[in-house]
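**Q** coordinates for the following, if possible.
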Amino acid sequence: MKIDITARHFTLSKNLREIVDRKVQKILKFNPIIINCHVILTKESHNEKAEIILHLKGKDFIAIDSAESFEKSINIVVDKIITQIKKQHDKSIKH
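**A** Below you'll find the predicted structure:
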């Protein structure tokens, strides 16, 4: 899976890049055929926002959240994406 990271209003540190890579890799357990993942990190005045746009064959998943730290917001959006993938998987099994 290709992971693109965009940092808005700050410079991305090596440590934060490693956190993003490690957290996003968790998603592969739920769908190993992910084509591309775009992570957008935005430093806002009081929050740090994370957005994930995940491209699968024929389907996109998007999750956005803000928290007091990037690590928390990344954890939240990864969990949201995993929930979306599980729901999509459950729908496809029922049909």
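**Q** excluding covalently adjacent residues, which one is nearest to residue 8?
**A** Sequence neighbours aside, residue 42 is the residue nearest to residue 8 in space, at 4.2 Å (criterion: CB to CB, 6 or more residues apart in numbering). To be clear about C-beta, it is placed using only N, CA and C from the backbone, and glycine gets the same treatment.
**Q** okay, the one you found: pLDDT?
**A** Confidence at residue 42, expressed as pLDDT, is 98.
**Q** again with the one 10 residues further on
**A** Confidence at residue 52, expressed as pLDDT, is 97.
**Q** looking at this, it is in a strand?
**A** Yes. Read with DSSP: H, G, I helix; E, B strand; the rest coil, residue 52 is one of the residues of a strand.
**Q** same question for stretch 3-18: list its buried residues.
**A** 3, 7, 16 (16 or more other CB atoms under 10 Å).
**Q** just those residues: which are in strands?
**A** Mapping the buried residues of stretch 3-18 onto strands (DSSP state E) picks out 3, 7.
**Q** count the neighbours of residue 77 for me.
**A** Other residues near residue 77 number 25, with proximity taken as other CB atoms under 10 Å.
**Q** now, among the buried residues of stretch 3-18, which is nearest to residue 76?
**A** Among the buried residues of stretch 3-18, residue 16 lies closest to residue 76 (CB to CB), at 15.6 Å.
**Q** wait, what's in contact with that closest one?
**A** 41, 70 (CB atoms under 8 Å, 6 or more residues apart in numbering).
**Q** can you check the one 4 residues further on too?
**A** With contact set as CB under 8 Å, 6+ apart, residue 20 has these partners: 3, 5, 39, 41, 74.
**Q** where exactly do the strands run in this protein?
**A** Under DSSP E, the chain gives strands at 2-8, 34-43, 48-56, 59-67.
**Q** quick check: which of those strands is buried the most?
**A** With neighbours taken as mean count of other CB atoms under 10 Å, the strands of the chain reach their highest mean count in strand 48-56, at a mean of 20.
**Q** centroid residue for the protein?
**A** residue 52 (3.5 Å; CA atoms, centre = their mean).
**Q** so for residue 78, which of the strands of the chain sits nearest?
**A** For the strands of the chain, the distance to residue 78 is smallest for strand 48-56, at 7.0 Å, taking CB to CB.
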